[in-house]
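Novice: Next comes the sequence, and after it the predicted model I'd like to discuss.
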Amino acid sequence: MATGGTGRRAVGSLDLILEETRIEREAQLGHFDGLDAKAGILLGFSGAVVALAPSDGLVIGLGRLVAVLAGLASLMAFWPRKFQVMDLYVLRQKYLAAEPQFTKLTILDTQISMLQTTAMLLERKAGRVKSSMATLAAAVVLVAAGLGLH
């Protein structure tokens, strides 16, 4: 029984879109992992600059302070955030007896909503990583300049 544009063609499209959302979700997870790895590296380098830079000289001291700020920015990027997942038990309880097309459409809408929320989280995380990189670069320049003046 096909009404309002649903039917065999819509079933194929629904499956295709569900597969694309799955692929996009995996890509987002990979992006999260990549940003976490970069934030961890930045945190380590920030700590190294703070620990290894000499403690004498105003410019070097300022560089160390900026490196601490870079470390804090990378820590904020690295900090775990709530990542949305589907509650499969609720899905089973509510949709076990439902029409398969309705269930697929509900899953699709839920996944799209989760992708949009995750995209915003990724943008903020990426911004924090970029901020940490720029701040760490400034710290290294300050420490290097301070060593040159020393």
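Specialist: Nice, I can see it.

Novice: So for stretch 14-27, mean pLDDT?
Specialist: Averaging pLDDT along stretch 14-27 gives 92.

Novice: Likewise for stretch 53-65?
Specialist: The average pLDDT within stretch 53-65 is 92.

Novice: what's in contact with that stretch?
Specialist: Residues from elsewhere that reach stretch 53-65, judged by CB atoms under 8 Å, 6 or more residues apart in numbering: 49-50, 67, 139-147, 149-150. From N, CA and C alone the C-beta is placed, and that goes for glycine too.

Novice: And the helices in the chain, which stretches?
Specialist: In the chain, helices defined by DSSP state H lie at 8-52, 58-78, 88-95, 100-149, listed in chain order.

Novice: pLDDT weak spots in the chain?
Specialist: 1-12 (pLDDT under 70).

Novice: at 90 instead, please
Specialist: Within the chain, the segments meeting pLDDT under 90 span 1-16, 55-57, 78-88, 90-93, 95-98, 100, 147-150.

Novice: Surely I112 touches R22?
Specialist: No: look at I112 against R22 with CB atoms under 8 Å: they stay out of range, at 11.5 Å.

Novice: how close does the residue nearest to G63 when sequence neighbours are not counted sit to G148?
Specialist: Nearest residue to G63 in three dimensions, chain neighbours excluded: L142, at 3.1 Å (CB to CB, 6 or more residues apart in numbering). According to CB to CB, to the nearest Å, L142 stands 11 Å off from G148.

Novice: Same drill for the two, tell me which one is more crowded.
Specialist: Ranked by neighbour count (other CB atoms under 10 Å), L142 and G148 place L142 first, with 22 against 8.

Novice: Verify the stated contact: the more buried one with V66.
Specialist: Yes: contact criterion CB under 8 Å: L142 and V66 qualify, at 5.9 Å.

Novice: these two touch, right, M76 and V129?
Specialist: No: using CB under 8 Å, M76 makes no contact with V129, being 9.6 Å away.
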